[in-house]
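Asker: just coords:
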């Protein structure tokens, strides 16, 4: 079982100039080196059953206050986390259900809340 670190980097200058395009102001990457080549909203985390997924957030300028608020399955989606990520550690455990789930990352930047919707794909144990 692996530990996957997922980092959300928020360009708060881009976010404030166009708050309706959250994905354009965000970069997602993970320790599995999954590329963010199709945009932050299409970013996919590839995990296996039992993997630990830990979420982190930082501001592109390393100065503006940003914080994770919640990480939840989108309505109508099955939750692929057997232990959903939550504050303060933002650590989740990939469950036994195979499939791909869209989920919401709710975060704040300069006191304003935003939502990003990437995916997690869980494959059976290898």
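Answerer: Yep, it's here. Note that the structure is predicted; figures quoted are calculated from it, not measured. Residues are numbered from 1 along each chain as shown.
Asker: use CA for all of it now, contacts and neighbours both
Answerer: Fine.
Asker: partner residues bridging residue 123?
Answerer: Per DSSP bridges, the residues bridged to residue 123 are residue 48.
Asker: okay but it is in contact with residue 99, surely?
Answerer: Yes: using CA atoms under 8 Å, residue 123 and residue 99 qualify as a contacting pair, with a distance of 6.8 Å.
Asker: Compare those two (neighbour count), which wins?
Answerer: residue 123 (18 against 13; other CA atoms under 10 Å).
Asker: distance of the more buried one from residue 79?
Answerer: Using CA to CA, to the nearest Å, residue 123 is found at 14 Å from residue 79.
Asker: what does residue 72 give?
Answerer: Here the criterion is CA to CA. By it, residue 72 lies 8 Å from residue 79.
Asker: Of those two, which one has the most company?
Answerer: Between residue 72 and residue 79, counted using other CA under 10 Å, residue 79 has the larger neighbour count: 21 against 17.
Asker: Settle this for me: the more buried one is touching residue 73, isn't it.
Answerer: Yes: between residue 79 and residue 73 a contact is recorded at 5.5 Å, counting by CA under 8 Å.
Asker: between those two, what contacts are shared?
Answerer: Counting by CA atoms under 8 Å, 6 or more residues apart in numbering, the contacts common to residue 79 and residue 73 are residue 101.
Asker: And the helices in the chain?
Answerer: Under the criterion DSSP state H, the chain contains helices at 12-17.
Asker: rewinding a little: now do the shared contacts for residue 72 and residue 79.
Answerer: Here residue 72 and residue 79 have no joint contacts, going by CA under 8 Å, 6+ apart.
Asker: who's in contact with residue 98?
Answerer: Neighbour list for residue 98: 80, 121-124 [criterion: CA under 8 Å, 6+ apart].
Asker: For it, give its distance to residue 45.
Answerer: To residue 45, residue 98 is 13 Å away according to CA to CA.
Asker: shared neighbours of the two, which are they?
Answerer: Residues touching both residue 98 and residue 45 (CA under 8 Å, 6+ apart): residue 121.
Asker: any idea which residue sits dead centre in the chain?
Answerer: Against the mean C-alpha coordinate of the chain, by CA atoms, centre = their mean, the closest residue is residue 105 at 5.5 Å.
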